[in-house]
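Q: using only what follows, build the 3D model:
(one chain, ligands or ions: 1)
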Amino acid sequence: MTNQDLLKIAGDYGSPVYVYDAEKIASQYKRLTTAFKKVKQLKLHYAVKANSNISVLGYLRSLGAALDTVSIQEVQLGLEAGYAPADIIYTPNGVSMEEIEAVAALGVQINIDNLSILEQFGTKHPNIPVCIRINPHVMAGGNTNISVGHIDSKFGISIHQMPLLLRIVENTGMHINGIHMHTGSDILDIDVFLYASEILFDAAKNFKTLEFIDFGSGFKVPYKEGDIQTNIEELGKKLSKRFNDFCLEYGRDLTLAFEPGKFLVSEAGKFLVKVNGIKQTTSTVFAQVDSGFNHLIRPMFYGVTHYIENISNPKGKERFYSVVGYICETDTFANNRRISEISEGDLLAFQNAGAYCFTMASNYNSRFRPAEVLWLNGEAHLIRKRETLEDLLRNQILLSVD
Ligand SMILES: *Cc1c(COP(=O)(O)O)cnc(C)c1O
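A: The predicted structure is shown next:
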């Protein structure tokens, strides 16, 4: 996908627009399967919440992926995209028993992270196999909002509650077929990950009927050249060996599962915006773009730095800009960033826009959510239309008050 391709896409579909490069998704998928090729049964559950466009889901299915979901609606999108219920795992937190039962009725793998729910579910449905989400209490993750393994976290069943967990399983006669952890996003140190894995192996020994161990996700991706990232190849080497040894010890071949979201789609995505204005103040040169945190909230929400390139003038002299949106609230995408010289009308491309960007978009300021395009086999395919006024008005009811 060249800059020329991107400029043409913005010309054809307008801006702002999200563009996803299928080839990059495929190469990331391949990287993971290659890193774990020594494991007999590997299952990659793509985390739908990263990017839930059904064409992206469908493309990942064609690569062999399964799905990780956190809501019944994500499950339904997965089914719509052609996934078999058996290839979907559902890992909710804080949802109602009714929703869990409805998902279980679809034949989807349930993953429970709460002892009270486990007891209720096991009592009512002892024959439905359940995976349990363990919180190993290992600190991982790049930001407190996305770091979910610590002691104060709402996620998972504490490893220290194993005795009570086992009692519930015994009392209800329920069938535990999987054990899971997900310690947070942006894991920098694979030794921390391996340490948490040991806790999971230890926990796994308590269950005789396991079919899989799910190590969640949290792989860090680079945001710019030379950026730190999870060393997948080394993790693959070390964890595969440890996993295979564990299977020998356990007495059966288990499936090793992961739930990568960001790793598979982050770098594949670009977000294209147009510069509406250049505004020089006493201290700053602002580049004002036709978007805001209604379309891409991560810089403001998580403090994430999205690298920004001026694809209309990629070779220009670099100058300092603060890139801001058009929302009536502070919505700074980039502060004092070196970008090749920007003129009004130029197109800027945000990198790493494939994960947690469109899925977090809103209609704040009553703006339309952008179009989405999948770049596949050298061609652009529109996979979501830009919204229209009709979309904003849908479901609204105008009360007649006069
Ligand atoms: C968010 C989430 C993931 C994906 O995390 P990434 O950092 O995007 O890979 C996987 N599993 C669960 C349970 C999650 O909540």
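Q: can you count the residues close to the residue lying closest to residue 74 once chain neighbours are set aside?
A: Among residues not flanking residue 74 along the chain, residue 48 sits closest, at 4.3 Å (Cβ to Cβ, 6 or more residues apart in numbering). Yep, even glycine has a C-beta here, placed from its N, CA and C like the rest. Neighbours of residue 48 under the rule other Cβ atoms under 10 Å: 28.
Q: likewise residue 5?
A: The burial count for residue 5: 16, using other Cβ under 10 Å.
Q: so it sits against residue 376, correct?
A: No - if you go by Cβ atoms under 8 Å, residue 5 and residue 376 don't touch, sitting 11.9 Å apart.
Q: what stretches of the stretch 201-350 of the chain score poorly on pLDDT?
A: Under the criterion pLDDT under 70, no range of the stretch 201-350 of the chain is flagged.
Q: what parts of it come near the ligand?
A: Counting by Cβ under 6 Å from any ligand atom, the stretch 201-350 of the chain comes close to the ligand at 216, 217, 218, 219, 259, 260, 261, 262, 263.
Q: can you tell me which of the residues you listed are in helices?
A: 262, 263 (DSSP state H).
Q: which stretches of this protein form helices?
A: So, for the chain - with DSSP H - the helices run 3-13, 22-35, 54-63, 72-80, 97-105, 115-124, 162-172, 190-204, 232-250, 262-265, 298-302, 389-393.
Q: closest to residue 337 out of these?
A: helix 298-302 (10.8 Å; Cβ to Cβ).
Q: list the buried residues in that closest one.
A: 298, 299, 300, 302 (16 or more other Cβ atoms under 10 Å).
Q: can you point out the buried residues in stretch 64-77?
A: Result for stretch 64-77 [16+ other Cβ under 10 Å]: buried residues 65, 66, 67, 68, 69, 70, 71, 72, 74, 75, 77.
Q: what's the answer for stretch 189-205, then?
A: Those would be 190, 192, 193, 196, 197, 199, 200, 201, 203, 204, for stretch 189-205 by 16+ other Cβ under 10 Å.
Q: again, but for stretch 105-116
A: 108, 109, 110, 111, 112, 113, 114, 115.
Q: mark which of these are part of strands, please.
A: Within those, residues falling in strands by DSSP state E are 109, 110, 111, 112.
Q: want to throw the residues you listed into CSV with distance to the ligand?
A: Listed next are these as CSV, based on distance: Cβ to the nearest ligand atom, whole Å:
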residue, distance to the ligand
109, 12
110, 13
111, 8
112, 12
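Q: having no further points to raise, I will conclude here.
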